[in-house]
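K.L.:
Here you go, sequence then predicted model.
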Amino acid sequence: MKLWQKIFLSSLMLIIAVMNIVSITLLGNSHHLSIEREQSHAVNEHEYLTSTFINTVTYEKLSQEVLTIKLTKIDKAAEYTVNSMSRNINSAIYYDTQASAAIKMPNKLNKLIHEELLDNIDLSCEEYTILTLESEDKQFMTVGSAIQLDGELYYIVTASDITEIFRLHNSQSDFVREISIISSAVISLILLIITITLLKPLNRLNVYTKAIAGGQYNIRILKKGSREFCELADNMNIMADAVQSHAIHLEKIAESRQTFIANLAHEMKTPLTSILGFGDLLRIKKNVTDSERIEYAAVIVDETKRLRSLSGKLMELAAMGGTEIEKKSVDLKKLIGDTETALTPLLNKRNISLITETDDIIIKADAELFKSLLYNIVENAVKASPDNSEITLKAKRNKEKAVITVSDHGIGMTKEETKRVFEPFYMADKSRSRKAGGAGLGLALCAEIAKLHNSALKIDSSPGKGTTVYIEMPEAKGK
C-alpha cells in the first residue's frame, strides 16, 4: 500500500470514528435527558394521584364523621381518583398483587405491571419503583408505590406513554446515520484531494530521485510546496551535487589511470625495444668487435637502469596511496646535509654546485620520505640545468612555518607546463628527460609525499630563466 493510501485511509477512519463517537454521545445524552425529564413528570403525576386518593378517602371520613369507612366507599374513592387523572396517564390502585380497586389502563400493560412491577414495589412506602415497560409496540414509564390506609395496604401505579421519546431517538439515530454516510463520502473526496495535493511534491521528489539514481546527476529538484518539502529538496540537491562531484572525480580517476597505463606501456616499450634489439644483434651477429660489444652492452645497461628507475618510482608512487605515515621530529639541516651527500655523485658528474643555506629548524616528518622528496626535486633541477652551473637549496623560517626552496638556472617551463608537471609521466622536455633517464614520475611522487606531510608544493618557472620549487610546511612546536 502506498503512502498516500495509508494516510488517506487512516485519516478517514479516524474522522469517521470521531464523528460516530460524538454523534452517539450527543444522541445518548439527549435521550437520557428526555427520559429523566419524563421520569420526573411521571413521579409528579404519581404523587398527585396518591395525594388525591388519600384526600378523597379523608374527605369521606370527615363528611361521615367516622374514623374508618367501608371498603366499598374506598373502592369508589379509588375509582373517582383514577378517573380524574389526565387521559395521557394510565393509572390503577390495587388491593394486592392480584386484585384491583380501580384501574384505567390497557389489559396487556396491566398484565405486565402484575408480572414485573407489583412484586418489586417497596413496601416500606419510602421509595418509588420506576420501570420502563413495552406493550403493543409502545413504551411506558411506570411508577409504583405502596401506602397504608385504614390498616390496608394499597398499591398505586401510574403509566405514562413515552413512545414518542423512543421514536424520536430512533428517528434521530437514522438521520445521524444517513448524515454520517453522506458526510463520510464528502469528507472522503475532500480528504483524497487534500492528500494527493499535499503529497504531490513527494511524488515529484520520487521522480527526480529515480532520475538521479539512473545517472542523470545534472538534474536539480525545484523547490515547491511546504517548508518541509523545500528543505528536503535542498538536501536532495546537496546530495545530488555530492554524487555528481564524486562521479566526476571517479571519471577523472578512471581517465588518469587510463592515461597512466597508456604512458606506462609507452615508457616501457622504448627501453624494452632497445634491449631486445641490441640483444638480438649480439646474438645474431657473428663478428662483433670489442667497440661494438661495449656500445651494445652500454645501451642495454642504460635502458635496463631506466627500467629499474621506472619500476622503482612506480612502486613508490603506488605505495603512497592511502598510506598513513609516522611523523617524528626531524632536524631539517641534517636532512638536507644527508640529501646533499647522496646527490654528490650526480652533481660531480655534471660539475654542478649545490649551494645550501639552512636555519635551525625542526619539522614533523617521515625522514626517509622527506629525503626522497628533496632528492627528487634536486635531481629534476640537475636534469634541467646545464653543466658547470649552480643549484640553490635553502630552508628558512617564516613565522611558524618552514619554507624550503630549490632554485636552478636551467631551461625553465611555461605556465601551462607548470600546471601539468605533477602529473605522472608528464615531461616538459621529453628528449632531455629521457636522455637523463627520467620517466616523468619524480614530481608526481613529490606531490604525494608533500600531501602526506600537509605541505604546500609550488613551482615558479620561466622559459630560459630557470625554475624555483617551494615547499611550505608547519614547523614542529616541540624540539
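P.N.:
Great, that's in hand.
K.L.:
For the residue nearest the centre of the chain, give me its contacts.
P.N.:
Nearest to the mean C-alpha position of the chain, by Cα atoms, centre = their mean, lies Leu232 at 9.7 Å. Taking Cβ atoms under 8 Å, 6 or more residues apart in numbering, we find Leu232 in contact with Leu205. Placement of C-beta: from N, CA and C, glycine included.
K.L.:
Which secondary structure elements does the helix or strand Glu368 falls within sit against?
P.N.:
Using DSSP states H and E, Glu368 sits in helix 367-384. Under the contact definition 3 or more Cβ pairs under 8 Å, 6 or more residues apart in numbering; DSSP states H and E, helix 367-384 sits against strand 328-331, helix 332-350, strand 390-398, strand 401-407, helix 430-435, helix 442-452, strand 466-474.
K.L.:
6 Å instead, please
P.N.:
Packing partners of helix 367-384 (3 or more Cβ pairs under 6 Å, 6 or more residues apart in numbering; DSSP states H and E): helix 332-350, strand 401-407, helix 442-452.
K.L.:
For the stretch 101-250 of the chain, which segments count as helices?
P.N.:
107-112, 163-213, 227-284 (DSSP state H, counting those that start in this stretch).
K.L.:
would you turn the ones you listed into TSV with mean pLDDT and distance to Lys6?
P.N.:
Formatted as TSV, the helices of the stretch 101-250 of the chain follow (pLDDT from 0 to 100; distance: least, Cβ to Cβ, whole Å):
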stretch	mean pLDDT	distance to Lys6
helix 107-112	89	54
helix 163-213	84	10
helix 227-284	74	18
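K.L.:
Output those in TSV; the columns should cover distance to Leu133.
P.N.:
Shown next, in TSV, are those (distance: least, Cβ to Cβ, whole Å):
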stretch	distance to Leu133
helix 107-112	5
helix 163-213	11
helix 227-284	62
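K.L.:
got any ranges where the stretch 1-150 of the chain has weak pLDDT?
P.N.:
97-98, 125 (pLDDT under 70).
K.L.:
In its sheet, which strands sit next to the longest strand seen in the chain, and in what direction?
P.N.:
When the chain is parsed with DSSP state E, its longest strand is strand 138-149. Strand 138-149 has its sheet partners listed here by DSSP bridges as strand 129-135 (antiparallel), strand 152-161 (antiparallel).
K.L.:
okay, those, which one's buried deepest?
P.N.:
Greatest average neighbour count among these goes to strand 152-161 (a mean of 22), per mean count of other Cβ atoms under 10 Å.
K.L.:
coming back round to it: I'd like to know which of the helices and strands packed on helix 367-384 is closest to Arg177.
P.N.:
Closest to Arg177 of the helices and strands packed on helix 367-384 is helix 442-452 (Cβ to Cβ; 78.2 Å).
K.L.:
deepest of the helices of the stretch 101-250 of the chain, which one?
P.N.:
Comparing the helices of the stretch 101-250 of the chain by mean neighbour count (mean count of other Cβ under 10 Å), helix 107-112 comes out on top with a mean of 16.
K.L.:
Check what contacts that helix and list those residues.
P.N.:
Leu133, Ser135, Glu136 (Cβ atoms under 6 Å, 6 or more residues apart in numbering).
K.L.:
Take the residues you listed and write them to a markdown table, including distance to Val378.
P.N.:
Conversion of these to a markdown table gives the following (distance: Cβ to Cβ, whole Å):
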| residue | distance to Val378 |
| --- | --- |
| Leu133 | 119 |
| Ser135 | 122 |
| Glu136 | 123 |
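K.L.:
tell me which of these is nearest to Ile221?
P.N.:
The closest of the contacts of helix 107-112, once distances to Ile221 are taken by Cβ to Cβ, is Leu133, at 72.0 Å.
K.L.:
show me what contacts the closest one?
P.N.:
Leu112, Phe140, Thr142.
K.L.:
swap in Val378?
P.N.:
Counted by Cβ under 6 Å, 6+ apart, Val378 has contacts Leu343, Val406.
K.L.:
Ok, Ile21 next?
P.N.:
Contacts of Ile21 (Cβ under 6 Å, 6+ apart): none.
K.L.:
I'd like the next helix or strand past the strand or helix carrying it.
P.N.:
Using DSSP H and E, Ile21 maps to helix 3-64. Sequence-wise, the next helix or strand downstream of helix 3-64 (DSSP H and E) is helix 71-83.
K.L.:
For the following helix or strand past that following helix, enumerate its sheet partners and note whether each is parallel or antiparallel.
P.N.:
Scanning forward in sequence from helix 71-83 by DSSP H and E, the next helix or strand is strand 89-94. Paired neighbours of strand 89-94 in the sheet (DSSP bridges): strand 100-104 (antiparallel), strand 152-161 (antiparallel).
K.L.:
What lies in contact with stretch 184-195?
P.N.:
For stretch 184-195, contacts defined as Cβ under 6 Å, 6+ apart pick out Trp4, Ile7, Phe8, Ser11, Leu12, Ile15, Ile16.
K.L.:
Take those and lay them out in JSON lines including distance to Thr467 and neighbour count.
P.N.:
Conversion of those to JSON lines gives the following (distance: Cβ to Cβ, whole Å; neighbours: other Cβ atoms under 10 Å):
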{"residue": "Trp4", "distance to Thr467": "67", "neighbour count": "16"}
{"residue": "Ile7", "distance to Thr467": "68", "neighbour count": "16"}
{"residue": "Phe8", "distance to Thr467": "72", "neighbour count": "18"}
{"residue": "Ser11", "distance to Thr467": "73", "neighbour count": "16"}
{"residue": "Leu12", "distance to Thr467": "78", "neighbour count": "16"}
{"residue": "Ile15", "distance to Thr467": "79", "neighbour count": "15"}
{"residue": "Ile16", "distance to Thr467": "83", "neighbour count": "16"}
